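Student: requesting a structural model of the entry that follows:
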Amino acid sequence: MSPTSVAVNGSGLTCEAVAAVARDGIFVTVPPQAVERARQAWEVAREVAGRQAVYGRTTGVGANRNVTIEDDDAHGLRLLRSHAGGAGPLLASEIVRAMLVVRLNQIAAGGSGVDPDVLGALAEVINRWLIPPIPAYGAIGTGDLTALAATALCLIGERPWQGGAGGPHFALRPTDALAFISSSAATFGESALAVRDVTELLRASIPVAALSLHAVRGSAEPFAAPVHEARPHPGQRRVAEAVRGLLPEEITPARIQDPYGYRAFPQVHGPAVDVAEQAEGVVTREINAAAENPLVDVANRTVWHNGNFHTASVGLALDAVRAALFQTAALSAARLGTLVEPAFTGLEAFQAAPGEPGSGIMILEYVAHSAIADIRRLASPAALGSAVLSRGVEEHAGFATQSARATTDVVTAYRTALACELVAAVRALRMQGRTPLGRLGEVYAQAADALDPAVEDRPLDADIGAAADLLPRIAVYGAY
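Tutor: Model prediction:
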């Protein structure tokens, strides 16, 4: 049963919960202890700023860090207006909502020093499905300043919300301006959605590959436990075990060794499982961290100027995910290649209708390789870029924002390639008149029910769409 609300308290937020709020409209609540934690940080921030220089509160920002700001109420507003200068198409609403819930959780963690009343305002924005319009371009992995400045301008009433009229107006204090926007919440929110989707698709890949193996009468030997005990990489072992749990007990293979698409599936898919799990761990740590600069230390009643705004860990983790996804997507295309070959299926070439010189599922290979070409293009590491900004005082960037965006796009492409394989595997089994037994039979039944049984030449775009929609439902069969 899905939760009706998510308590955002500065710790324990998961990528799954971010997705539930961002996509499904699950309500958020802020427990009193989180508000109290934020209140204590706010009081300490004001206390410390009264006795020493605090970046962004008593000084300018960036190369203006040595400029002293004294009792200037306009400074905060100037900061928000000057930093809300993004460009390009607007971010999807689900990414913006993910950003909002992540920033809510970060402030609840108690390190920002922002007025605690902003927690209630942000929660209302999320629960009423109000969206600050945020352009895509403006961040490079050292803080989503443009996105959060645009959000702040909506909060103070200077810009309108999307999705409803009369949104909450919150008088963000000028001294809190930098503390509110100094975060990578948009990057982390998009990363949380992406790693959640990647994990689901990696799980769905396992029953899809098992259906293909069954359709070509492949061998179960490559998945035997002794094989993977001899080379005990965690992901490889778990993938092999998951496949074994789907295959019927008695399989008579058609050949002594299958192509790599089957024989090396655990060795290629396993690393993708490993890096996706690592990336989810990195992102989960980030969305629950008080990664603020300056960091308000309530226990010691001080602030620490630091570099926790840098998101190299997230960018590098997502770069690895995309590289691994390309490898396993290429293997899916290899299996698809066997499913159009009579020598593997016993059917007409391209699974054409019997007695017809038709094209059958020929086009699926083109679609899959088109999608995989995008995965290959997007797999280029964002971490290979850098930048020198703000008159040379900010001399490095990891471009985690771009890594997150590329991973979002890769999810769409991988889902398409996998859907093509699913269409081909189900059609082959149906035309062979073979229904798998056991848990694999349950997967087949769901897919056969969702996919058109007609085999005459016809457009297959609806089949690909139906297969893509089915993937989340069959992902449970690939749990590892």
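
Student: quick one: name whatever helix or strand follows the longest helix along the chain.
Tutor: Counting residues, the longest helix found in the chain (DSSP state H) is helix 400-432. Going down the chain from helix 400-432, the next helix or strand is helix 438-450, by DSSP states H and E.

Student: and that next one, what does it pack against?
Tutor: helix 185-215, helix 400-432, helix 461-474 (3 or more Cβ pairs under 8 Å, 6 or more residues apart in numbering; DSSP states H and E). (C-beta placed from N, C-alpha, C; glycine too.)

Student: just say helix, strand or coil for the residue of the chain most remote from its centre.
Tutor: Distance from the centre of the chain peaks at Gly355, with 45.7 Å (Cα atoms, centre = their mean). Put simply, Gly355 is coil when judged by DSSP: H, G, I helix; E, B strand; the rest coil.

Student: so what does Gly85 have for phi and psi?
Tutor: Here is the backbone geometry of Gly85 (degrees, to the nearest 10): phi -110, psi 50.

Student: wouldn't it be in contact with Ala147 here?
Tutor: No: judged on Cβ atoms under 8 Å, Gly85 makes no contact with Ala147 at a distance of 11.1 Å.

Student: quick one: which of these two has more around it?
Tutor: The residue with more neighbours, out of Gly85 and Ala147, is Ala147; 31 against 13, by other Cβ atoms under 10 Å.

Student: how far away is that one from Arg377?
Tutor: When distance is defined by Cβ to Cβ, to the nearest Å, Ala147 is 25 Å away from Arg377.

Student: thinking again about what came up before, could I get the pLDDT score of the residue farthest from the centre of the chain?
Tutor: For Gly355, the model assigns a pLDDT of 86.

Student: and it, its phi and psi?
Tutor: The phi/psi pair for Gly355 (degrees, to the nearest 10) is phi 80, psi 0.

Student: could you do Leu364 as well?
Tutor: Per-residue torsions, Leu364: phi -60, psi -40 (degrees, to the nearest 10).

Student: and for the nearest residue to it once chain neighbours are set aside, the neighbour number?
Tutor: Among residues not flanking Leu364 along the chain, Cys420 sits closest, at 4.3 Å (Cβ to Cβ, 6 or more residues apart in numbering). Applying other Cβ under 10 Å, we find 30 residues neighbouring Cys420.

Student: would you agree Cys420 is in contact with Ala368?
Tutor: Yes: using Cβ under 8 Å, Cys420 is in contact with Ala368, at 4.2 Å.

Student: OK, contacts around Cys420?
Tutor: Ser332, Leu336, Leu364, Glu365, Val367, Ala368, Ala371, Ile464, Ala467 (Cβ atoms under 8 Å, 6 or more residues apart in numbering).

Student: give the buried residues for stretch 355-371.
Tutor: Of all the residues in stretch 355-371, those buried under the rule 16 or more other Cβ atoms under 10 Å are Gly358, Gly360, Ile361, Ile363, Leu364, Glu365, Val367, Ala368, His369, Ala371.

Student: filter these down to the ones in helices?
Tutor: Checking the buried residues of stretch 355-371 against DSSP H, those in helices are Ile363, Leu364, Glu365, Val367, Ala368, His369, Ala371.

Student: closest to Asn66 among the residues you listed?
Tutor: Relative to Asn66, the closest of these is Ala371; by Cβ to Cβ it sits at 50.7 Å.

Student: so what's that closest one up against?
Tutor: Ala329, Ala413, Tyr414, Thr416, Ala417, Cys420.

Student: against Ala276, how distant is the most centrally placed residue in the chain?
Tutor: Centroid check for the chain by Cα atoms, centre = their mean gives Ala194 as the closest residue, at 1.0 Å. Ala194 is 10 Å from Ala276, where distance means Cβ to Cβ.

Student: and if you look at Ala312?
Tutor: 19 Å.

Student: compare these two (neighbour count), which wins?
Tutor: Ala276 (27 against 16).

Student: is it true that the more buried one touches Leu202?
Tutor: Yes: with contact defined as Cβ under 8 Å, Ala276 and Leu202 form a contacting pair (5.8 Å).

Student: helix, strand, or coil at the residue nearest to Leu90 when sequence neighbours are not counted?
Tutor: Counting by Cβ to Cβ, 6+ apart, Pro133 is the residue found nearest to Leu90 once chain neighbours are left out, at 5.4 Å. Under the three-state scheme (three-state DSSP), Pro133 adopts coil.

Student: list the contacts of Pro133.
Tutor: Leu90, Ala150, Arg159, Gln162.

Student: the same query, at a cut-off of 10 Å, please.
Tutor: Going by Cβ atoms under 10 Å, 6 or more residues apart in numbering, Pro133 touches 86, 90-91, 93, 96, 150-151, 153-154, 159-163.

Student: got it, and Leu100?
Tutor: 21-22, 28, 122-123, 125-126, 130-132, 148, 151, 185-186, 189.

Student: wait, which of these is closest to Ala448?
Tutor: Among the contacts of Leu100, and counting by Cβ to Cβ, the member closest to Ala448 is Ala22, at 32.7 Å.

Student: how many residues are close by that closest one?
Tutor: Neighbour tally, Ala22, other Cβ under 10 Å: 26.

Student: counting contacts, what elements does the lowest-mean-pLDDT helix or strand in the chain pack onto?
Tutor: Lowest mean confidence among the helices and strands of the chain (mean pLDDT, DSSP states H and E): helix 73-83, at a mean of 84. Applying 3 or more Cβ pairs under 10 Å, 6 or more residues apart in numbering; DSSP states H and E, one finds that helix 73-83 contacts helix 145-155, helix 177-181.

Student: mean pLDDT added to those helices, as TSV?
Tutor: Below are those laid out as TSV (pLDDT from 0 to 100):
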stretch	mean pLDDT
helix 145-155	96
helix 177-181	93
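
Student: now, of the ones you listed, which is deepest in the fold?
Tutor: Burial of the helices and strands packed on helix 73-83 is given as mean neighbour count (mean count of other Cβ atoms under 10 Å); helix 177-181 ranks first at a mean of 27.

Student: how far is that helix from where the chain is centred?
Tutor: Averaging C-alpha positions (Cα atoms, centre = their mean, to the nearest Å) puts helix 177-181 25 Å from its chain's average.

Student: so where's this structure uncertain?
Tutor: Applying pLDDT under 70 to the chain flags residues 1-3, 71-73, 164-165, 393.

Student: show me it divided up by domain.
Tutor: Domain segmentation of the chain under automatic domain parsing yields 5-183, 201-292+308-478.
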